[in-house]
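Engineer: Pasting the sequence and the predicted coordinates here, then a few questions.
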Amino acid sequence: MGRVSRTAISVPRELLNDLDDLLSHLNLKSRSKAISEAITLYIAERYWVLSDVEKEVAGTIIMVYDHHKE
């Protein structure tokens, strides 16, 4: 990704506690990495929502059928 910029954010204390709890459960040490990943996912999701709905996309449909069940 290249160079890193340092920034400050303000978040509710409870949200920060939730993040710290999650990092602890996952045995991760870096808030910065978790927040960077969250921002990346947020941006990707928003670009998806804002993108042209007429674009071609790929997907999969999976059906499970039990032919023994009546």
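Structural biologist: On my side now, so go ahead.
Engineer: Residue 10 is in what secondary structure piece?
Structural biologist: In this assignment (DSSP states H and E), residue 10 forms part of neither any helix nor any strand.
Engineer: Tell me which residues touch it, please.
Structural biologist: If you count contacts by Cβ atoms under 8 Å, 6 or more residues apart in numbering, residue 10 has none. Any C-beta I mention is one placed from the backbone N, CA and C, and that applies to glycine too.
Engineer: Any figure for the gap between it and residue 47?
Structural biologist: The gap separating residue 10 from residue 47 is 25 Å, by Cβ to Cβ, to the nearest Å.
Engineer: Output the below-cut-off pLDDT ranges for the chain.
Structural biologist: 1, 52-53, 55 (pLDDT under 70).
Engineer: how about the helices of it, start to end?
Structural biologist: Listed in chain order, the helices of the chain (DSSP state H) span 13-25, 31-50.
Engineer: Quick check: which helices or strands does the longest one pack against?
Structural biologist: Using 3 or more Cβ pairs under 8 Å, 6 or more residues apart in numbering; DSSP states H and E, the elements in contact with helix 31-50 are helix 13-25.
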